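[1] Show me how the following folds:
(chains A and B)
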2 protein chains.
Amino acid sequence: MSEGLIVVKVGGAEGIDYEAVVEDAAALWEKGQKLILVHGASAETNRVAEALGHPPKFLIHPGGMQSRLTDRKTLEIFNMVYAGKMNKHIVELFQRRGVNAVGLSGLDGRVFEGKRKKAIKYVENGKIKIHRGDYSGSVERINKGLLELLLENGYLPVLTPPAVSHEGEAINTDGDVAAARVAEAFGAGALVYLSNVPGLLANYPDESSLIREIPAAQVEEFMRFAEGRMKKKVLGAAEAIRAGVKRVIFADARVDRPIQRALEGLGTVIH
Amino acid sequence: MSEGLIVVKVGGAEGIDYEAVVEDAAALWEKGQKLILVHGASAETNRVAEALGHPPKFLIHPGGMQSRLTDRKTLEIFNMVYAGKMNKHIVELFQRRGVNAVGLSGLDGRVFEGKRKKAIKYVENGKIKIHRGDYSGSVERINKGLLELLLENGYLPVLTPPAVSHEGEAINTDGDVAAARVAEAFGAGALVYLSNVPGLLANYPDESSLIREIPAAQVEEFMRFAEGRMKKKVLGAAEAIRAGVKRVIFADARVDRPIQRALEGLGTVIH
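    Numbers count the residues shown, from 1 in each chain, chains lettered A, B, ... in the order given. Next up, the predicted model:
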C-alpha cells in the first residue's frame, strides 16, 4: 500500500486502545508507509486536574460547543498530561516495537503555531459573557520543514497540543484541527480520526446506523446526523478535502488493526 | 566567542532561576553560539508526587549516594514533570524570546539510550538489600545524529530524562551523566553545570571558600572537599575531560547571565 503520507489522530477519550493503535501504526511503518500520529489526552487531563485539586472547567460557547477553560495552572497540568504522560507513553510503545518515534508538542520547533484567543464568548445562565486571558487558540501554521526532516531521517513524529502562539506562548488547541492542518500541509493520502465510536451514526448511539460514505460536496446534508464535537469534525473533514487531503476517515479505535481497518473503509469515509 | 558546542545542564533543585538561564542561553544562541540545554526537575517531581498521593521514596546505596525508587507510577509522574511541565516550560521561555527550541526526552529518537538496572543494592536498617524491577538505568549512548540534524537546521535542543533502555522502555536516569555523554559525543568546548551553589566549596556551605580550578589529573586530591552528589559530579567531570570535553564548569544558577559568568570562569573550572 502506498497512498502518500497518512495522518492518524487518536482521541483522548475513554476506551481507546493505544497499544492496538501503536501496534498497527508500527506494522504500517515497517512496510514503508510514512505516517504522523497526533493524539489527545482529555480524559486523563481531567483525572489529573481533579487529583491535583484544580478540577477542569468548561465554557459553553453560544453555538453549543464547549472548550476547556485554560488558566495558567490548567495549562501546566495540560502540558504534564498531553506532552509528558501521554506523549511519552505513546513514544515508549513505539520504541518497544523498534520504531524510532519522536514526540513533539506544538511548542517544539513551532510545529503547531496559531493565534491566542483574546476573548472567548460563552453562555452562563442564559447570558452571553466574555472570558479573557485564556491560554488557548487555533492552529494556523504547521512547521512542515521539521516534520519532513524527521520523516526523511526515519523518525515517526508523535504530535500533541499545546500549540505555540505567534508571541511564543503555549496555548491549548484542538488536536483534531491541528491534525487536519498537518494533513493539508502534506496533501496527505488519508487523514484517519480514531475515537471511541465507529464513525458518524445516523441514529446515535446505535452503532449499526453507521454512515459509510459522505462526498465532501454533500457534507451539509449530513450535518443533521452530527452532534457537538462530531459536527465540528465532519465540517473540518470537508475543509481538509477541499484543501487537498484525499480521504478523511472516522473510525473505531477500540478494535484490532484500527488504522488498517479504517484505510479499508470501515468507518465513515469523506472523500 | 566561539569554543565549539556548549552543553549546559541546569539542575532541578530549589532556587534555580530558569528565566535567567534561558535569557542567557538565548543571548549566546543569537550571537551564533551552538548550545544544547539539559535539565532536571527533581524538586518539582517530589511536589507533584506528594500532591498525587504517591510520595517519593529514595534508596540509599551502599556508597552513601541515593536514588529515586522508580516504580511504574513514579515513572509516569516523572515523565509528566520532566518531559511535560518542565521541558515545555523551558521551551516556551525560549519561544517567547524568538529562539526555536525543540524539547526532547531521551525516549524521543533514542536521544539518551542505556541499560535498565536489573537490581539495585541499597541499605536498610544497616543491611544490604536488593531492589528489582526499578525503571532506571544509565545513559551509554547518545543519538548524536538527531542532535546534529536539529542544530544544523537552527533548532536549540532542550533535553531531559527519562532515557530509553535498549529494549525500548522509559527509564529514569541521571541528567548530569546524560549531559556529560552529550558533551563527550560532541567534544564540547564547555560543559556547564548550573545549580544552587557557586561551585565546589572547600568549607561547605561557606560560599567564600569556592575552589576556582581543578586540573583533571589532580581531581582525586579534591575529593575530600566534595560530598554526595558533588563527589559524583566532580568525578564525572574528570571523566568528561579525559573523553575530550575541553572544560567542565560548576557554577551558580541563581544569578544574572549564569552561563556567560560560568564561561568567564566564575565557578569551579575543571580542565
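
[2] Surely A:F94 is in contact with A:Y155?
    No - A:F94 is not in contact with A:Y155 according to Cβ atoms under 8 Å; the separation is 10.0 Å. Where you see a C-beta, it was placed from the backbone N, CA and C, and this is true even at glycine.

[3] Give the residues shared as contacts by those two.
    Common contacts of A:F94 and A:Y155, defined by Cβ atoms under 8 Å, 6 or more residues apart in numbering or on different chains, comprise A:100-101.

[4] Do stretch A:156-172 and chain B come into contact?
    Yes - Stretch A:156-172 lies in contact with chain B when judged by Cβ under 8 Å from any Cβ of the partner chain; the contacting residues are A:162, A:164, A:167-170.

[5] swap in stretch A:139-148?
    Yes - in terms of Cβ under 8 Å from any Cβ, part of stretch A:139-148 sits within range of chain B, namely A:145-146.

[6] and A:E213, how far is that from chain B?
    Between A:E213 and chain B the distance, using Cβ to the nearest Cβ, to the nearest Å, works out to 38 Å.

[7] burial measure for the residue nearest to that residue when sequence neighbours are not counted, as a count.
    Using Cβ to Cβ, 6 or more residues apart in numbering or on different chains and skipping the chain neighbours, the partner closest in space to A:E213 is A:V269 (5.3 Å). Taking other Cβ atoms under 10 Å in any protein chain shown as the criterion, the count of residues near A:V269 is 22.

[8] in which helix or strand would I find A:V269?
    Here A:V269 is covered by strand A:268-270, with elements defined by DSSP states H and E.

[9] try A:L194
    For A:L194, the element it lies in under DSSP H and E is strand A:190-195.

[10] Which elements pack onto that strand?
    Applying 3 or more Cβ pairs under 8 Å, 6 or more residues apart in numbering or on different chains; DSSP states H and E, one finds that strand A:190-195 makes contact with strand A:6-10, helix A:175-186, helix A:228-242, strand A:248-252, helix A:258-263.

[11] And the average pLDDT for it is what?
    When the per-residue pLDDT values of strand A:190-195 are averaged, the result is 97.

[12] for stretch A:27-43, same thing?
    Looking at stretch A:27-43 alone, the average pLDDT works out to 97.

[13] Find the nearest non-adjacent residue to A:Q95, please.
    With Cβ to Cβ, 6+ apart as the measure, B:G168 is the residue that lies nearest to A:Q95, at 3.7 Å, once sequence neighbours are left out.

[14] Verify the contact between the residue nearest to A:E213 and A:R212 for me.
    Yes - between A:V269 and A:R212 there is a contact at 6.7 Å, judged by Cβ under 8 Å.

[15] And the residue of the stretch 51-200 of chain A that's closest to chain B?
    When distances are taken as Cβ to the nearest Cβ, the stretch 51-200 of chain A approaches chain B most closely through A:G84, which lies 2.1 Å from it.

[16] since we're on that residue, how many residues are nearby?
    One way to gauge burial is a neighbour count; for A:G84, by other Cβ under 10 Å, it gives 32.

[17] The one 10 residues further on now?
    A:F94 is surrounded by 24 other residues when neighbours are defined as other Cβ under 10 Å.

[18] tell me the contacts of it?
    Going by Cβ under 8 Å, 6+ apart, A:F94 touches A:22, A:25-26, A:100-101, A:156, A:158, B:168.

[19] Name the residues of the helix or strand hosting A:L75 that are buried.
    Taking DSSP H and E as the criterion, A:L75 maps to helix A:72-79. By neighbour count with 16 or more other Cβ atoms under 10 Å in any protein chain shown, helix A:72-79 contains the buried residues A:74-79.

[20] would TSV of the residues you listed with pLDDT and distance to B:Q66 be doable?
    Listed next are those as TSV, based on pLDDT from 0 to 100; distance: Cβ to Cβ, whole Å:
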residue	pLDDT	distance to B:Q66
A:T74	97	34
A:L75	97	33
A:E76	97	28
A:I77	98	29
A:F78	97	32
A:N79	98	28
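
[21] just curious, which of those residues is nearest to B:E44?
    Distance to B:E44 across the buried residues of helix A:72-79 (Cβ to Cβ) is lowest for A:E76, with 10.1 Å.

[22] what's the nearest residue to the closest one if we skip its chain neighbours?
    Spatial nearest neighbour of A:E76, excluding adjacent residues (Cβ to Cβ, 6+ apart): B:K85 at 5.6 Å.

[23] any idea how far A:A43 is from chain B?
    Counting by Cβ to the nearest Cβ, the separation of A:A43 from chain B is 15 Å.

[24] helix/strand/coil for that residue?
    When the structure is reduced to helix, strand and coil (DSSP: H, G, I helix; E, B strand; the rest coil), A:A43 reads as helix.

[25] between the helix or strand of chain A with the lowest mean pLDDT and strand A:190-195, how many degrees?
    Across the helices and strands of chain A, mean pLDDT, DSSP states H and E gives its lowest value to helix A:228-242, namely a mean of 87. Note on geometry: by axes from the mean of the first three to the mean of the last three Cα atoms, to 10 degrees, helix A:228-242 and strand A:190-195 are set 170 degrees apart in direction.

[26] got the angle for helix A:228-242 vs strand A:6-10?
    Computed by the same axes, to 10 degrees, the angle between helix A:228-242 and strand A:6-10 is 170 degrees.

[27] now for helix A:228-242, which elements pack on it?
    For helix A:228-242, the packing partners by 3+ Cβ pairs under 8 Å, 6+ apart are helix A:175-186, strand A:190-195, strand A:248-252, strand A:268-270.

[28] Quick one: closest of these to B:L235.
    Distances from B:L235 to each of the helices and strands packed on helix A:228-242 were compared using Cβ to Cβ; the minimum, 45.4 Å, belongs to helix A:175-186.

[29] Which neighbouring elements make contact with that closest one?
    For helix A:175-186, the packing partners by 3+ Cβ pairs under 8 Å, 6+ apart come out as strand A:6-10, strand A:35-39, strand A:137-142, helix A:144-152, strand A:156-160, strand A:190-195, helix A:228-242.

[30] May I see the ones you listed arranged in CSV, with mean neighbour count as well?
    Formatted as CSV, the entries for the helices and strands packed on helix A:175-186 read as follows, by neighbours: other Cβ atoms under 10 Å in any protein chain shown:
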stretch, mean neighbour count
strand A:6-10, 27
strand A:35-39, 25
strand A:137-142, 19
helix A:144-152, 17
strand A:156-160, 26
strand A:190-195, 27
helix A:228-242, 19
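
[31] Many thanks, we can stop here.
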